[in-house]
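Asker: my questions concern the predicted model and sequence given below.
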Amino acid sequence: IFDRNGNGALHSISTGRIGTTTSNYVLTGIVIRNSVFTNGDQDYIQYFENSNACRLATVTGIIEGNTFTYGPGQAENALDIKSTALATDPLIIRNNVITGWIGDLNLGRPVVVQHCAEYVQFLNNIVDGGPGGLTCTGTCQGINFQAGGGIGGTPSPILGIKIIGNTFRRMRVGIDISEDSTLWLDGAEVYHNTFDQINSQAIVIDSGTYTNNFLRNNLAYRSNSGGSSSPSGWTMSNNGWFSTPCGGRCGANDVTGTDPLFVDAANGDYHLQTSPVISPAIDRGFILG
């Protein structure tokens, strides 16, 4: 249990930060599992790289089964991933519960993946802003991917990004891809995510370069918009939009309606109902593989 009690302790777990020197190191097989992080100040977990660097530090392993709750003095993130991983050994972030991130501070996002980090997989996590997230006007983004200004010169593609099977609820934005025009995302897979009560855009895709990316089999419910722009370099299909305008995320074979018939959305059970009435989203997805 990491209970910082809002006491200025900054990060609970941090790698590789030694002053402002360039962080040039490799750590593999790091496992952070089944822990509780609460009452934080800044990042709970930070995999650090110098703010002006890009892909100099490498951290691989698993962050899974943890619970992160927003602290009373929280200024930053639950997870701040600045290091990259490896094609043969990705960084896997899965089955975590991240709750209450409703702060209006610029860095108050639950999860940030930046500084050209590659081969990061965000799988089957729950990110819930809580009741306050329904009216949040600050950042309140579930997961934010950005270049971080560290590339310099000609951008190079960021590979191996997977955002699959997550639930984003009661937030201003579910997934935010790029706050930096130097971002070049290639081969990203955004599949099987559920968005409920997102008060701005379920999936933001800002300026950047995009090649061969996929947005499929996602489902949004009771949200303001699927997204505002329609960027090139994305294949979008077989997504579900229920009481949610698809906006710039409209694609082939999408399904629309007023209610996807979840088992119990009010209590966070987003399995699709099979009886007494079958969910209209069943058997409407793209068959992968």
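Answerer: Okay, I see it. Note that the coordinates shown come from a computational prediction; the quantities given were computed from them, not determined experimentally. Residues are numbered from 1 along each chain as shown.
Asker: quick one: low-confidence parts of the chain?
Answerer: Scanning the chain for pLDDT under 70 picks out 5-9, 17-22, 51-52, 103-108, 148-155, 179.
Asker: residues in a beta bridge with residue 234, which ones?
Answerer: Per DSSP bridges, the residues bridged to residue 234 are residue 213.
Asker: isn't it right next to residue 209, touching?
Answerer: No. Under the criterion of CB atoms under 8 Å, residue 234 makes no contact with residue 209, lying 11.6 Å away. Glycine gets a C-beta too; all of them are placed from N, C-alpha and C.
Asker: which of these two has more neighbours?
Answerer: Taking neighbours as other CB atoms under 10 Å, residue 234 and residue 209 compare with residue 234 leading, 21 against 17.
Asker: from residue 36, how far off is that one?
Answerer: Noted for residue 234: a distance of 37 Å to residue 36, by CB to CB, to the nearest Å.
Asker: tell me who's in contact with residue 40.
Answerer: 2, 4, 6, 12, 68, 70-71, 73-74, 78 (CB atoms under 8 Å, 6 or more residues apart in numbering).
Asker: count the neighbours of the closest residue to it other than its chain neighbours for me.
Answerer: Residue nearest to residue 40 in three dimensions, not counting chain neighbours: residue 71, with 3.8 Å by CB to CB, 6 or more residues apart in numbering. Neighbours of residue 71 under the rule other CB under 10 Å: 23.
Asker: next, residue 71: secondary structure please.
Answerer: Counting by DSSP: H, G, I helix; E, B strand; the rest coil, the backbone at residue 71 sits in coil.
Asker: quick check on it: phi, psi?
Answerer: As for residue 71, its main-chain torsions (degrees, to the nearest 10) stand at phi -90, psi 160.
Asker: gap between it and residue 77?
Answerer: 11 Å.
Asker: enumerate the beta-bridge partners assigned to the nearest residue to residue 38 once chain neighbours are set aside.
Answerer: Residue nearest to residue 38 in three dimensions, not counting chain neighbours: residue 69, with 4.8 Å by CB to CB, 6+ apart. Under the criterion DSSP bridges, residue 69 forms beta bridges with residue 99.
Asker: and residue 69, how close does it get to residue 55?
Answerer: Going from residue 69 to residue 55 by CB to CB gives 31 Å.
Asker: and for residue 90?
Answerer: 14 Å.
Asker: which parts of this structure are helices?
Answerer: With DSSP state H as the criterion, the chain has no helices.
Asker: of the contacts of residue 40, closest to residue 168?
Answerer: residue 78 (13.5 Å; CB to CB).
Asker: and the closest residue to the closest one other than its chain neighbours, what is it in contact with?
Answerer: Counting by CB to CB, 6+ apart, residue 78 lies nearest to residue 68, which is 3.8 Å off, once chain neighbours are set aside. Applying CB under 8 Å, 6+ apart to residue 68 gives the contacts 37-38, 40, 44, 78-79, 96-99, 110.
Asker: residue 70 now?
Answerer: By CB under 8 Å, 6+ apart, the contact list for residue 70 reads 40, 99-103, 130.
Asker: and residue 160, by the same measure?
Answerer: 85, 87, 90, 118-121, 187 are the contacts of residue 160 under CB under 8 Å, 6+ apart.
Asker: do residue 26 as well
Answerer: 57-59.
Asker: any idea how far it lies from residue 3?
Answerer: For residue 26, the distance to residue 3 - CB to CB - is 31 Å.
Asker: go on, residue 234?
Answerer: From residue 234 to residue 3 the distance is 41 Å (CB to CB).
Asker: same thing with residue 14?
Answerer: On the measure of CB to CB, residue 14 and residue 3 end up 17 Å apart.
Asker: what's around residue 55, how many residues?
Answerer: 17.
Asker: and what of residue 143?
Answerer: If we define neighbours as other CB under 10 Å, then residue 143 has 27 of them.
Asker: chain neighbours aside, what residue packs nearest to it?
Answerer: With CB to CB, 6+ apart, the residue lying closest to residue 143 is residue 111, at 4.3 Å.
Asker: how about the contacts made by that neighbour?
Answerer: Applying CB under 8 Å, 6+ apart to residue 111 gives the contacts 77-79, 81, 93, 98, 122, 127, 142-144.
Asker: mind running it again at 7 Å?
Answerer: Residues near residue 111 by CB atoms under 7 Å, 6 or more residues apart in numbering: 77-79, 98, 122, 143-144.
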